[in-house]
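Undergrad: What follows is a predicted protein model with its sequence.
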Amino acid sequence: MSQKHLKSKFVRQFLCATHVSTIDFDELCESDVSLILDLLSHEILQKYPLKVSYLAKFLKQLINQMEKKENELCDEIYYKYIELIQQDINNGPFYKHYAFIINETNEVQSILTIKESTSFVCNGTTGLCTWQAGIAMAFWFIKNTEKIDGRFVLELGCGTGLSGLSACVNCKPREYWFTDCHLAVLESLKHNIEVNVTRNKIGCIIKTMQLSWDNINDGLFLENIPDVILAADVVYDVEMFDSLCQTLKWFLSNGTVEVYLFCTLRNHSTYRKFLETLKCFHLNFNQDTIANNYSDLLIQDCPINVINIKSNAT
Ligand SMILES: C[S@@+](CC[C@H](N)C(=O)[O-])C[C@H]1O[C@@H](n2cnc3c(N)ncnc32)[C@H](O)[C@@H]1O
């Protein structure tokens with residue numbers, strides 16, 4: 001995939017299967033249409049396909065829009081659309097491709113391919129698709145590389161691995177440990193790491209491991225204390241707040257310098273309860289809301305807050 005393809009916001013949104021209703025098809029121009037057509041037969045989309053029903057919905061909207069503007073469309077688009085609606089393969093695996101650009105220059109820095117479930121809860125876990133706060137964290141790394149460069153980072157509840165892979169590809173951590181409690185999540189994560197390490201230059205040590213907040217392996221971590229702990233979209237279930245805060249407290253008392261938690265504010269009372277739990281554990285924090293236009297690949301239907309907790313020693 002070339003810079004030419006990825007410079008178009010429309011193409012970048014298409015590649016990560018941005019919900020059709022949130023894409024501004026009014027901005028669509030003829031050059032975008034030919035780029036999309038080109039991509040539909042590109043080897044990346046052949047090997048790591050987007051969901052068939054998404055492609056069909058997207059093409060339908062694209063055709064409608066071009067017809068509305070009375071633009072000529074080549075027959076190939078219509079054939080492709082008909083071919084898609086006749087296919088009955090919606091059982092995956094399906095992928096999303098996230099392109100990271102540097103805002104100032106609009107240059108594409110990297111592209112990550114992530115296998116994702118198309119439902120929020122699958123196989124009893126929420127970790128098989130990427131959540132909004134996870135996407136926000138992935139883009140935050142591009143703007144805040146100094147927060148993790150040269151450091152040993154551990155991510156809690158890492159899910160598909162998009163955020164961590166962005167850290168490893170777009171920044172220079174010394175070491176990055178992906179952790180999650182769910183075995184199916186770790187399996188899928190390993191696949192995502194494999195797909196992306198062969199295509200991108202990664203200079204740090206990467207590890208994946210099972211870590212449940214209910215049961216930290218003191219022995220392992222006392223010898224391997226991360227400098228920074230990160231997590232995205234892990235604040236949603238009040239029942240987990242005590243064990244999550246206990247885990248954060250343990251790391252911060254044993255040498256971790258700081259924690260960043262990316263939280264989607266879907267339910268304000270749940271979020272408030274989490275802040276109260278942090279206070280009960282004597283964890284001192286600051287919080288900030290990320291800007292509305294943070295990334296054109298991020299749908300911010302709810303605010304996204306970043307909670308920064310520092311160890312008392314700093
Ligand atoms: C909503 S998903 C977020 C995934 C990813 N961080 C993202 O933003 O896309 C929550 C993740 O936390 C993990 N998780 C939930 N409870 C956990 C626990 N007690 N210990 C460790 N991980 C947990 C889930 O398996 C899941 O991967």
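TA: Thanks, I have the structure now. Since the structure is predicted, the reported quantities are computational estimates derived from the model, not experimental observations. Numbers count the residues shown, from 1 in each chain.

Undergrad: CA atoms for contacts and neighbours, from now on please.
TA: Fine.

Undergrad: Chain neighbours aside, what residue packs nearest to residue 54?
TA: The shortest distance from residue 54 to any non-neighbouring residue, by C-alpha to C-alpha, 6 or more residues apart in numbering, is to residue 17 (6.9 Å).

Undergrad: Could you pull up the residues touching the one you found?
TA: Contacts for residue 17 (C-alpha atoms under 8 Å, 6 or more residues apart in numbering) come out as 50, 54, 96.

Undergrad: Just the ones in helices from the residues you listed, please.
TA: If you go by DSSP state H, those have residue 54 in helices.

Undergrad: Just the closest of the contacts of residue 17 to residue 160, please.
TA: Nearest to residue 160 among the contacts of residue 17: residue 96, at 11.0 Å, using C-alpha to C-alpha.

Undergrad: can you tell me how far the closest one sits from residue 24?
TA: Per C-alpha to C-alpha, to the nearest Å, residue 96 is found 19 Å from residue 24.

Undergrad: of those two, who's got more company?
TA: residue 96 (24 against 10; other C-alpha atoms under 10 Å).

Undergrad: pLDDT value on that one, please?
TA: For residue 96, the model assigns a pLDDT of 96.

Undergrad: now it, nearest residue through space, not along the chain?
TA: Leaving aside its chain neighbours, residue 96 sits nearest to residue 16 (4.4 Å; criterion: C-alpha to C-alpha, 6+ apart).

Undergrad: if I look at that neighbour, how far off is residue 275?
TA: Distance from residue 16 to residue 275, by C-alpha to C-alpha: 32 Å.

Undergrad: next one: residue 165
TA: Counting by C-alpha to C-alpha, the gap from residue 165 to residue 275 is 28 Å.

Undergrad: quick one, which of these two is more surrounded?
TA: Remark: of residue 165 and residue 275, residue 165 carries more neighbours, 25 against 18, as counted by other C-alpha under 10 Å.

Undergrad: State whether that one is indeed within a helix.
TA: Yes: assignment of residue 165 by DSSP: H, G, I helix; E, B strand; the rest coil places it within a helix.

Undergrad: distance from the centroid: which residue in the protein tops it?
TA: Relative to the centre of the chain, the most outlying C-alpha is that of residue 70, 36.9 Å out, by C-alpha atoms, centre = their mean.

Undergrad: so where does it fall, helix or strand?
TA: Here residue 70 sits in a region with no helix or strand, counting by DSSP states H and E.

Undergrad: go on, residue 44?
TA: With DSSP H and E as the criterion, residue 44 is inside helix 43-47.

Undergrad: on that earlier part again, checking the residue nearest to residue 54 next. Helix, strand or coil?
TA: Look at residue 17: counting by three-state DSSP, its state is coil.

Undergrad: what do you get for residue 154?
TA: Residue 154 ends up strand, using three-state DSSP.

Undergrad: Run through the helices of this structure in chain order.
TA: With DSSP H as the criterion, the chain has helices spanning 3-6, 9-15, 30-40, 43-47, 52-68, 75-86, 132-143, 162-170, 183-197, 218-222, 241-253, 268-280.

Undergrad: now for the ones you listed, which one comes closest to residue 126?
TA: Nearest to residue 126, of the helices of the chain and by C-alpha to C-alpha, is helix 183-197 at 8.8 Å.

Undergrad: I'd like to know which elements the closest one is packed against.
TA: If you count contacts as 3 or more C-alpha pairs under 8 Å, 6 or more residues apart in numbering; DSSP states H and E, helix 183-197 packs onto strand 107-115, strand 205-210.
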